[in-house]
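Novice: Turn this into a structure:
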Amino acid sequence: MNRKTTLIIALQTLIIVILFWVLVFYGKDEYEAATNANDDAIPSASHVTSENGAAIITLSAEAQQQSGITTSALKAATHQAAISSFGMVTSIDTLVELRTRYLAASADANVVRAALANSQQEYQRLAQLNRDNRNVSDRAVAAAEATWKADEAKLAAAETAASSLKDSIRQQWGDTLANLATQAAAGETLQRLLQYQEVLLQVTLPVDSATPGKDTPLLVEPTGSQEKPVTATFVSASPQTDATLQGKTFYYRAPAGNLRAGMRVSAQLAGQEKTRAGVIVPQTAVVWYANKAWIYKKQAADKFIRVQISTDIEAGDGWFNLSGVKPGEEVITNGAQLLLSEEFKYQIKNENED
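Specialist: This is a model prediction of the structure:
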């Protein structure tokens, strides 16, 4: 290759490089404009204004359709506050032992009572014979009286022992369970506990909570489990406290199932407050900004406003709200994030203009 050919190739290469950089330089603006146009999820036929500190987004019906924005009307709902609490499956071994001792003491008292009735009748018979021409001696009457008085003392001691055992049951388990345990024939409730068809729960409720009623439902499940909660039935107030929890304690009974003595349980007690009316905001309508939950509520056919909602009360696939939104109001359930982006662009543009 001669020198002239090499020079021509070099010049051609230089021209190509120069043309490439010219193309890049002048095409940059058009490229950025095209990119920005592609990034805009909402057509430019939108407008953001501020009203009382809240952003109002105006979006034509055509723009809404092109962006896939859809709305849904909020449905009315009711809610009753529930109290979350904890409890424990209580072993009834002590109750069974005290019941056995009480029934034995009661049986002893019945035996002595029968002997007392017999000794009293014998004394009265001998005393009458002694009065009738002294058909029996004074010594026989005195011996019969001594037997009668001894049986009286034995009966008093047996009744005191049985009464003390009943008081002990009452102190440890309360009046209701004490009455159940001291019946000679175990009732249905006690039978189900003794046969392990049901277990006894001690549930701790907050100190300031109202005393639950007999018909107030309580749902319990083993703490940390994913099992379906079971319904527990109110029994009575508990005279014993839970050493690990502060609050008022109550006894409930629940189907045994997977519950075991000593097991910790989580409980949900229906609140004593009146049922409150509100709406359920679906999760699909919610966007998050500044660690808060927001929705876009429809004010007119082409106007939307961002409204903060509460996520304190979960309800199905959304959150129950008492204020800020009303039944029948329409909120964006698809495309809310697009409106939030549009609002941010408006804010950024104003900051740049400033």
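
Novice: Tell me which residues are up against the helix or strand encompassing residue 333.
Specialist: Assigned by DSSP states H and E, residue 333 belongs to strand 330-334. With contact meaning Cβ atoms under 8 Å, 6 or more residues apart in numbering, strand 330-334 is reached by 68-74, 281-282, 284-285, 295-298, 304, 325, 339. Placement of C-beta: from N, CA and C, glycine included.

Novice: ok, 7 Å please
Specialist: Residues outside strand 330-334 that contact it (Cβ atoms under 7 Å, 6 or more residues apart in numbering): 68-74, 282, 284-285, 295-298, 304, 339.

Novice: swap in stretch 94-104?
Specialist: Contact with stretch 94-104 is made by 162, 165-166, 168-169, 172-173, 177, 181-182, 184, 194, as judged by Cβ under 7 Å, 6+ apart.

Novice: what about 10 Å?
Specialist: 92, 161-166, 168-170, 172-173, 177-178, 180-184, 186, 190, 193-194, 200 (Cβ atoms under 10 Å, 6 or more residues apart in numbering).

Novice: if we can go back for a sec, report the buried members of the contacts of strand 330-334.
Specialist: Neighbour counting with 16 or more other Cβ atoms under 10 Å marks 69, 71, 74, 282, 284-285, 295-298, 304, 339 as buried within these.

Novice: quick one: low-confidence parts of this structure?
Specialist: Within the chain, the stretches with pLDDT under 70 are 1-2, 17, 20, 22, 24-46, 53, 81, 271-274, 346-354.

Novice: switch the cut-off to 80
Specialist: 1-14, 17-55, 78-83, 133-135, 208-211, 213-217, 226-227, 270-276, 316, 344-354 (pLDDT under 80).

Novice: Mind splitting it into its structural domains?
Specialist: Recorded structural domains for the chain (assignment: automatic domain parsing) are 46-79+276-353, 84-90+189-270, 94-187.

Novice: Tabulate those (JSON lines), appending distance to residue 18.
Specialist: Conversion of the domains of the chain to JSON lines gives the following (distance: least, Cβ to Cβ, whole Å):
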{"stretch": "domain 46-79+276-353", "distance to residue 18": "35"}
{"stretch": "domain 84-90+189-270", "distance to residue 18": "69"}
{"stretch": "domain 94-187", "distance to residue 18": "98"}
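
Novice: In TSV: the buried ones among the contacts of strand 330-334, plus secondary structure and distance to residue 238.
Specialist: Below are those laid out as TSV (DSSP: H, G, I helix; E, B strand; the rest coil; distance: Cβ to Cβ, whole Å):
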residue	secondary structure	distance to residue 238
69	coil	56
71	strand	52
74	coil	43
282	strand	42
284	helix	45
285	helix	45
295	strand	45
296	strand	51
297	strand	49
298	strand	53
304	strand	54
339	helix	54
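
Novice: from those, which single one is nearest residue 83?
Specialist: Taking Cβ to Cβ as the measure, residue 83 lies nearest residue 282 of these, at 26.4 Å.

Novice: thinking again about what came up before, for the contacts of strand 330-334, work out which two are farthest apart.
Specialist: The distance between the two most remote of the contacts of strand 330-334 (Cβ to Cβ) is 20.5 Å, for 68 and 74.

Novice: does the closest residue to residue 113 other than its chain neighbours belong to a helix or a strand, and which?
Specialist: The shortest distance from residue 113 to any non-neighbouring residue, by Cβ to Cβ, 6 or more residues apart in numbering, is to residue 155 (5.5 Å). For residue 155, the host element (DSSP H and E) is helix 138-181.

Novice: Report the distance from that helix to the chain centre.
Specialist: Computed by Cα atoms, centre = their mean, to the nearest Å, the chain-centroid distance of helix 138-181 equals 48 Å.

Novice: Going by residue numbers, what spans are strands in the stretch 151-300 of the chain?
Specialist: Ranges of strands in the stretch 151-300 of the chain, per DSSP state E, counting those that start in this stretch, are 198-205, 218-222, 230-237, 248-255, 264-270, 276-282, 287-289, 292-300.

Novice: Compare those strands and give me the one nearest residue 79.
Specialist: That would be strand 276-282 among those, by Cβ to Cβ, at 5.5 Å.

Novice: Bridging across strands, which residues link to the residue nearest in space to the middle of the chain?
Specialist: Residue closest to the mean C-alpha point of the chain, counted by Cα atoms, centre = their mean, is residue 268 at 3.5 Å. Legend: beta-bridge partners of residue 268 under DSSP bridges are residue 84, residue 219.
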